[in-house]
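> The following comprises the amino acid sequence and a computationally predicted model.
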Amino acid sequence: MSDHLIIAVHGIGEQKPGETINEITGAAIAEVPPHERHPVEIERDVIELVEDGFTPEKRRAKLFPVHLRRVKKAMPGDDDDDDALFVEVYWADKSPAPKGPFWTAFDLLRVVLGLGYLAMENAESNRDFFPIGLVHLFTWIFYGLIAPVNAALLIGVVILLIDLTPVFTVGDNFPVRWVFYLHGVFTFIVGLYVWLRVARTYLVRIFGRGMTLLGVAISLVAVSASLGIQIPTDWCEPVPEQELMRFLPSLDCYTAGSISVLSISWVMAVLIAVLNYPVSWFSRPRPAPEDGISGRRVIYPAICSAMIIFWMVSSSTLWLLARKLINSVEFGTSSLPEGNDGMFFILFDRNLGAALQTLSTATACVLVVLLGAVALMIARYHRREELYTKPEIFSRALLNPGIRVLLGLSLLVIFTVLALLTVINLDPAAFTQAFRDDLADRLTRYNAVAAAVLLALGVVIYQFSDYLAGGLGVVRDIVTYAIQDRCRWRAGYAERKVNFRERAEINNRFRLVLKYGLETVTPKYVTVLSHSQGTVIATQMLQDAEVKALLAKFDSPKVTLITMGSPVTHIYRRYFKEFFQASVEDMSPGTRWINIFRKDDFVGTRIDEDTGIEANLSVPAGGHTGYFTDYYVWRRLLDDVGLRVFPDA
């Protein structure tokens, strides 16, 4: 008897349940010359394992699918007990892809915001409290001010669409204070719903709380209007049309005030992001428990820069698409005088234009970063067979130092333009009238070009939303593994380690699948085949105390860990080192660890030798995906690793 348990852990992407195990099973029984194929029988099955467990607090258990493939020899006279069990650890449902262009656009914004979790974990891994606090403050401003104000303004736009009907015209038979009431109530309801029902992580809770507080503030404005207390209008410039002056001055100033809050939030976020760079240079990290890597690697300043640049462009694209959509449906039914573009433009576009003065700058920065990425891809392509031997500027695609420099320079440009505009707004006399006019003229012209570019980008998102969703899936899966449950940056190591709910649930799936496999076949051999993000899960769980105890309970089968396209050491161990140390010494006794990587893989490369890894095996260039069905990979597995479906055959 040589029962063999083979566990597959897929990487990032939009895998379907059973897809990975089908690929591995099919490739494992295929004939790869000079290795002959043994006739086999395959039994397919799928079960649902309980993920959360049965407890009084969790009355209804949550299940997840586990696909099984039992492979037996099919030749007459073969031992019926000589079989192998292939089983899959499926976790792609933890970060499902959006459906349709509308939700894809919002998913883009969500992914950009989610980068804050990566910034926080990188800062926390270095354990210098001041940089950690600065990064948390940055993410709080993003989730608690910038995102809620954008969402509240969007709710306001939807409410003002009632003015497109001849039945409800704002200011005539629909009082302005009702607009305030509706805006406040809907903003409050959305915020409360997100806060109490949707939010599973603390940054999303901050977003919900920000929305709730905005709803309360807007409702107070509505109550004031009902009591006859008008919003002061002497600080802003109401719309000039005389007919509108009888009911729109307070609404116009209210809109201008909301967008001013958004602008101030942007200034604060950009200032903190700029401060991250000198703080990261001069900070002194405190030693972290289980820290096997000397020195430190910081990435949070570049991540914060990316959040600002891409959120500016993404949210601006959303507003421009909304503007174009509303413009296409306003045909004189509005209460505004004939010849005007409509209430949306009077109230939002005029005020939003001031908030989007840096639009052209942010768009140019995004284009520069994208061009840098394209140049990197071209350079990598021409050196694809030798990339793993080159310096990081060529060998690394994720966290590439050149792209990080471009992000830092882009943030500096945005900060310079923003600071210049702020000084002009606060003290116009600081610059000559000619300079101010020339700057305004240039920004207007450049913003028009940027708007055209962003509208084209919006069309691309609409037409190719499925492809974009797939690309976002890569970042979304990584962000999912970094999501924190509570704000515990000042807590100790043990308390912070359990603060990653999604990570804990994914890791627990590995533990449950392994337990089921061990109980089913009581194997002599256990092989873990993992790819990309799955290699991070596999290495961490094979060092887990419960997993090691489980293996010991079933007579300590021989464990072979195969990692493919792995970012375990050159990304996770360096940039998120506090919780991602990796060593064979901390795994079950006798564990073999072999790593296979493509020479041009932009995610995975060699594993550091001080981990105790047995071998780093390279295969010809071929990108990051498709390892499980790659001929060269299976030649390595058969020739160099000695992997067999029936090891004792």
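Great, that's in hand. Numbering: from 1, shown residues only.
> any chance you could map the strands in the protein?
4-9, 40-50, 63-73, 83-89, 525-531, 558-564, 592-598, 615-619 (DSSP state E).
> Put together a markdown table for those, with mean neighbour count on each row.
Backbone N, C-alpha and C define where each C-beta goes, glycine included. Formatted as a markdown table, the strands of the chain follow (neighbours: other CB atoms under 10 Å):
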| stretch | mean neighbour count |
| --- | --- |
| strand 4-9 | 26 |
| strand 40-50 | 13 |
| strand 63-73 | 19 |
| strand 83-89 | 24 |
| strand 525-531 | 26 |
| strand 558-564 | 24 |
| strand 592-598 | 24 |
| strand 615-619 | 18 |
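> now the ones you listed in a markdown table, with mean pLDDT?
Output for the strands of the chain, formatted as a markdown table (pLDDT from 0 to 100):
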| stretch | mean pLDDT |
| --- | --- |
| strand 4-9 | 95 |
| strand 40-50 | 91 |
| strand 63-73 | 92 |
| strand 83-89 | 93 |
| strand 525-531 | 96 |
| strand 558-564 | 96 |
| strand 592-598 | 96 |
| strand 615-619 | 95 |
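> Nearest to residue 274, out of those?
Comparing the strands of the chain against residue 274 with CB to CB, the closest turns out to be strand 592-598 (36.8 Å).
> thinking again about what came up before, between the strands of the chain, which one is nearest to residue 506?
Smallest distance to residue 506 across the strands of the chain (CB to CB): 8.4 Å, for strand 83-89.
> angle of the closest one against strand 63-73?
Interaxial angle of strand 83-89 relative to strand 63-73 (axes from the mean of the first three to the mean of the last three CA atoms, to 10 degrees): 160 degrees.
> ok, and what's touching strand 83-89?
Outside strand 83-89, the residues within contact range by CB atoms under 8 Å, 6 or more residues apart in numbering are 3-10, 17-18, 20-21, 24-25, 28, 66-73, 509-510, 513, 516-517, 520-521, 523, 534, 537, 645-646.
> Can you tell me the strand partners of that strand and which way each runs?
Looking at strand 83-89 with DSSP bridges, its partner strands are strand 4-9 (parallel), strand 63-73 (antiparallel).
> Adding distance to residue 223, write these out as JSON lines.
JSON lines is the format used below for the strands paired with strand 83-89 (distance: least, CB to CB, whole Å):
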{"stretch": "strand 4-9", "distance to residue 223": "56"}
{"stretch": "strand 63-73", "distance to residue 223": "48"}
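> Dump the strands of the chain to CSV, plus distance to residue 390.
Formatted as CSV, the strands of the chain follow (distance: least, CB to CB, whole Å):
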stretch, distance to residue 390
strand 4-9, 29
strand 40-50, 43
strand 63-73, 39
strand 83-89, 33
strand 525-531, 23
strand 558-564, 21
strand 592-598, 14
strand 615-619, 13
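> Look up the closest residue to residue 261, ignoring the ones flanking it.
residue 149 (5.7 Å; CB to CB, 6 or more residues apart in numbering).
> pLDDT below threshold where in the stretch 151-300 of the chain?
Scanning the stretch 151-300 of the chain for pLDDT under 70 picks out 161-174, 225-226, 228-250, 252, 284-296.
> closest to residue 278 out of the strands of the chain?
The minimum distance between residue 278 and the strands of the chain falls on strand 592-598, with 36.1 Å, by CB to CB.
> list the buried ones in the longest helix anywhere in the chain?
Longest helix in the chain, counting residues (DSSP state H): helix 249-282. Across helix 249-282, burial judged by 16 or more other CB atoms under 10 Å covers 249-263, 265-266, 268-270, 272-277, 279-280.
> thinking again about what came up before, OK, contacts around the residue nearest to residue 261?
Residue 149 neighbours (CB under 8 Å, 6+ apart): 214, 258, 261-262, 265.
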